[in-house]
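1. Predicted model and sequence follow; I will ask about them next.
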Amino acid sequence: MDFIGNDVVYHVARPELSGPEKQVIAGTNMNCIVTGETGVGKTTTCRSFIKMASARGIHCGGVLSLKTKTGAITAQNIKTGSETILAGLDDNGEGIQVGRYFFYEDGLEFGRQAIMDAIDCDVLIVDELGALELGGNGFASAIAVINHHRKLNAVVVIRRRYLARFLLLFVSPPAVYDVTAYNRETVPGIILAGQKKFLSGL
């Protein structure tokens with residue numbers, strides 16, 4: 001497999017995928033992981049990719065997690081454009097606490113349905129997988145969807161600290177793009193180029 005970052009390619013074997021210093025891993029298909037530190041622009045990278053892909057006739061679906069001015073997080077169904085509250089700073093009595101946020105079951109179910117709605121799209125976007133999913137909650141079902149629907153390309157957001165554990169769950173090794181302040185403007189186009197090449201061969 002290849003790690004690609006800052007225009008440099010590093011050839012490594014899959015057992016060495018735990019190092020956070022790696023920047024992009026090129027896999028054998030067009031399933032991609034977008035990773036990076038908190039606040040670096042992972043969701044913005046996905047939004048830029050969706051805009052570029054849509055302009056070229058590539059249909060995207062799935063779920064985006066968008067922060068609001070009040071500090072809450074909304075889930076957006078990419079295919080329909082509809083949104084709902086995914087998580088907030090206040091517990092409604094049913095929330096699952098992860099850090100300072102409480103994730104609401106109605107919002108999680110909305111996100112899971114958005115993932116299922118994307119099965120007939122060209123690209124599934126999942127923003128994001130983290131501690132909640134490692135425990136079998138949240139959007140954990142997205143991994144099974146990706147592994148089962150082998151012709152459905154996917155772009156999945158995963159925080160760098162969880163990357164090594166999630167990589168073990170994919171049947172086919174994905175490409176991993178480590179977004180930084182230096183490359184976040186170019187990563188969406190790099191992902192799009194790979195998606196276009198793969199889709200044109202189907």
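-> Looks like it arrived, so ask away. This is a predicted model, so every value here is computed, not measured. Numbers count the residues shown, from 1 in each chain.
2. Skip the chain neighbours and tell me the closest residue to Gly189.
-> Of all residues not flanking Gly189 in the chain, Met52 sits nearest, at 6.7 Å (Cβ to Cβ, 6 or more residues apart in numbering). The way it works is simple: take the backbone N, C-alpha and C, and place the C-beta from them, glycine included.
3. same question, Ser82
-> Per Cβ to Cβ, 6+ apart, closest to Ser82 is Gln76, 7.4 Å.
4. since we're on that neighbour, how many residues are nearby?
-> Neighbourhood size, Gln76 [other Cβ atoms under 10 Å]: 23.
5. So the residue nearest to Gly189 is in contact with Thr186, correct?
-> No. Counting by Cβ atoms under 8 Å, Thr186 is not a contact partner of Met52; they are 11.6 Å apart.
6. More neighbours: those two, which one.
-> Met52 (18 against 13).
7. show me the contacts for that one.
-> Pro188, Gly189, Leu192 (Cβ atoms under 8 Å, 6 or more residues apart in numbering).
8. quick one: the last one from Thr45, how far?
-> When you say that, I think you mean Leu192. Separation of Leu192 from Thr45 (Cβ to Cβ, to the nearest Å): 11 Å.
9. Show me which of those two is the more surrounded one.
-> Remark: of Leu192 and Thr45, Thr45 carries more neighbours, 24 against 21, as counted by other Cβ under 10 Å.
10. Mind checking what secondary structure the more buried one has?
-> Reduced to three states with DSSP: H, G, I helix; E, B strand; the rest coil, the structure at Thr45 is helix.
11. Was I right to think it contacts Val179?
-> Yes. Applying Cβ under 8 Å, one finds Thr45 in contact with Val179, separated by 5.3 Å.
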